[in-house]
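K.L.:
Here's a sequence, model it:
(chains A and B)
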Amino acid sequence: MPLYRTAGCGTLRRSDAGCTAVLSGWVQRRRDHGGLIFIDLRDRSGLVQLVFDSSADSALFARAEKLRSEYVIKVEGEVVERTPANVNPALETGEIEVQVTAMELLNPSRTPLFYIEDNLNVDENLRLQYRYLDLRRPEMYRRLAFRHRATKLVRDYLDAHGFLEIETPMLTRSTPEGARDYLVPSRVHPGSFYALPQSPQLFKQLLMVSGVERYFQIARCFRDEDLRADRQPEFTQIDLEASFFGMENLFALMEGLMALLWREVKGIALQTPFPRMPYHEAMERFGSDKPDLRFGMELLDCTDLARECEFKIFRGAAEEGGVVKAIRVPGGGRMSRKEIDELAVLAAGWGAKGLAWMIREDGGWRSPIAKFFSEALLERLGQRLQAESGDLVLFAADQREQACRILGQLRLHLAPRDLPDQPRFLWVTDFPLLEYDPEEQRYVAQHHPFTAPREEDIPLLDSDPLAVRAQCYDLVLNGVELGSGSNRIHQRDLQMKIFELLGLSEAECQDKFGFLLEAFQYGAPPHGGIALGLDRLVALLTGDESIRQVIPFPKTAGAACLMTGAPAPVAPQQLKELSIALDDKVKDKASGELPAE
RNA sequence: GGAGCUGUGGUGUAGACGGUUAACAUGUCGGCCUGUCACGCCGGAGCUCGCGGGUUCAAGUCCCGUCAGCUCCGCCA
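P.N.:
Numbering: from 1, shown residues only, chains lettered A, B, ... in the order given. Alright, predicted model coming up:
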């Protein structure tokens, strides 16, 4: 068996001087000086400089002249200390170099399409098409290693807390509610389909009925919805569920996990417990159910003052059950009229009917709407807003939720540029159990249909369903929803009642969820759990904007893999086996794209 | 489903008021060079401007369409 290496390239140090080393790796760069060639050899541990001297071995030297970028070689040589003048402080191995005595070319390489180095500025298209080269770059390797380390910490932590890692099926059944499913046709049952799991939700609940008590899984999940920088059609969740384990237990468990991750991978000591905020407070103060607490600019209610002014839009909103809310943008008075108009366009995109503004100046207000306010009212407004000279104040007058949402968006848009690089965790609690979907003209679960309502709100299920609060919570970090969890329903009758509220008939309940409803009749323990987005979590830890950076083989915004070409048409025979016929509209296109056989 | 941005040698960019041979850097190939480390010097090759159509005497440049990538809205229990 050949010996490929005695050390990693990047691990050699001055203390290794005098030793013989065998190294294997990729040619990063060749510097040919005529009678002397330097090669930077790279493996995943780093770079080391190899030296080929023509006066030492002319045959070996001649072979070194043929080396090119990304050739894979194995070398043997002596680790020697560099003379002080030749030390390269920019390189971790810069105090030594390897005088090569033997070299084997393991595999040549075509000229790489882009540089295998960090801080690459190249089209993401190309990176994705040649992802294996992209991943060869040290910063990408570091991301993979980082993700591995974080995942391992999660596994060890949950193991230490008595959680069992258990796999659940990837081929399962489509259920109503939630995201669009990825479907997999069944050959054995023509016309029937599996669905890839949106989450292992039902299985983990059934594991609780099984008496597992504590389950977790690093679970791949699938949702056939449009992509974003932080959304891929397949993604990974840290999924867990526990029985006889209240919300306080779960909060403490997750806080411990976050503290561990930040300590181990970032060296940051998190303060626990994390603050908590009811959903309604988050909406009122930040216009968001996942507020970024790294800066202020909170929403302020001015409805009472608006009622006294002469501005019809404000008064109308106030008198017709709506609100007038405001945010103060410190120093925003410097904005030009054009910039403010652009804000109004943005706000309109978020559903605002208009965007009123005022600029505080020494001794007064500059604003198109100031004339509708009396001096005294302006004075009270200034106090309410704590406005200082040079501040810009933006108003939204609308129904409560709409006004809050619009200002919440504006708040994020106008957030200070240099936000502190500090994690601000938050539990958002007391979400409403249900929302009304005007399109479908029915209630939909705000979280999912298995979330338990708060005990004291159960009577409201009949009288005022929208007022029912859920035993549900989101973990939010710096404006990003990291995950959400809940205590689940574990009683058949209550589960049935919720399904009915969601518009499912009894027959549908039996058909789609009969197994769950039945399971609840065999001594289902109270249970609950949470799922955290691992991709988002890792991206936050690495400081990446897009989760594509921490996923080795991600899809594009068009849900395609540029490397493999997935998705792709399949042979007619494959479709026939599955009893699938293509629509005429797509038929020609699909067969046209089929590779020649 | 909608909106915006981007697409020019292998790679990253310039060219955009329409007008000779599409420029620069880097890479690549050849030559020279024994201390470089983004090595240096000399020389060469390489793009028809994402694709299709249109306007024009003339299109990388203007117009329409289309494809791909990115970002956002809708969507994502």
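
K.L.:
buried residues in stretch A:64-78?
P.N.:
Neighbour counts over stretch A:64-78 (16 or more other Cβ atoms under 10 Å) mark A:64, A:67, A:70-71, A:73-78 as buried. (Each C-beta comes from the backbone N, C-alpha and C, glycine too.)

K.L.:
Going by residue numbers, what spans are strands in the stretch 251-400 of chain A?
P.N.:
For the stretch 251-400 of chain A, applying DSSP state E, counting those that start in this stretch gives strands covering A:276-278, A:300-301, A:323-329, A:356-361, A:364-366, A:392-398.

K.L.:
Could you work out the most separated pair of the buried residues of stretch A:64-78?
P.N.:
A:E70 and A:E78 (25.3 Å; Cβ to Cβ).

K.L.:
Helix or strand: which one has A:R536?
P.N.:
Taking DSSP states H and E as the criterion, A:R536 maps to helix A:534-542.

K.L.:
any idea of the mean pLDDT in the helix or strand just after that helix?
P.N.:
Sequence-wise, the next helix or strand downstream of helix A:534-542 (DSSP H and E) is helix A:572-577. Taken as a whole, helix A:572-577 carries a mean pLDDT of 95.

K.L.:
ok, now stretch A:172-186?
P.N.:
Stretch A:172-186 comes out with an average pLDDT of 92.

K.L.:
Put the alpha carbons of that stretch into CSV.
P.N.:
Taking Å, rounded to 0.1, in the frame of the first residue of the first chain, the C-alpha atoms of stretch A:172-186 are listed here in CSV:
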residue,chain,number,x,y,z
THR,A,172,-44.4,9.3,3.4
ARG,A,173,-47.9,10.6,2.6
SER,A,174,-49.0,13.9,1.5
THR,A,175,-51.1,15.8,4.1
PRO,A,176,-53.2,18.8,3.7
GLU,A,177,-52.1,22.2,5.1
GLY,A,178,-48.7,23.6,4.8
ALA,A,179,-46.4,24.0,1.9
ARG,A,180,-46.6,22.3,-1.5
ASP,A,181,-45.3,18.8,-1.4
TYR,A,182,-42.7,17.1,-3.5
LEU,A,183,-44.4,14.0,-4.8
VAL,A,184,-42.8,10.7,-5.6
PRO,A,185,-44.9,8.4,-7.8
SER,A,186,-45.4,4.8,-6.7
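
K.L.:
is it anywhere near RNA strand B?
P.N.:
Yes - Stretch A:172-186 is in contact with RNA strand B by Cβ under 7 Å from any atom of the strand, via A:177-180.

K.L.:
likewise stretch A:104-117?
P.N.:
Yes - counting by Cβ under 7 Å from any atom of the strand, RNA strand B is contacted by stretch A:104-117 at A:111, A:113-115.

K.L.:
in the stretch 151-300 of chain A, which spans are helices?
P.N.:
Using DSSP state H, counting those that start in this stretch, the helices of the stretch 151-300 of chain A run over residues A:201-209, A:247-261, A:279-286.

K.L.:
Quick check: which of these is buried the most?
P.N.:
Ranked by mean neighbour count, these are led by helix A:201-209 with a mean of 22 (mean count of other Cβ atoms under 10 Å).

K.L.:
Excluding its own residues, what touches it? List them.
P.N.:
The contact list for helix A:201-209 (Cβ atoms under 8 Å, 6 or more residues apart in numbering) reads A:166, A:168-169, A:172, A:175, A:197, A:215, A:217, A:239-243, A:448, A:450, A:488, A:490, A:513, A:515-516, A:519-520, A:522-525, A:527, A:529.

K.L.:
Which elements pack onto the helix holding A:R536?
P.N.:
Helix A:534-542 sits against helix A:138-160, strand A:234-243, strand A:480-487, with contacts defined as 3 or more Cβ pairs under 8 Å, 6 or more residues apart in numbering; DSSP states H and E.

K.L.:
closest to RNA strand B out of these?
P.N.:
Closest approach to RNA strand B among the helices and strands packed on helix A:534-542 is made by strand A:480-487 (7.8 Å; Cβ to the nearest atom of the strand).
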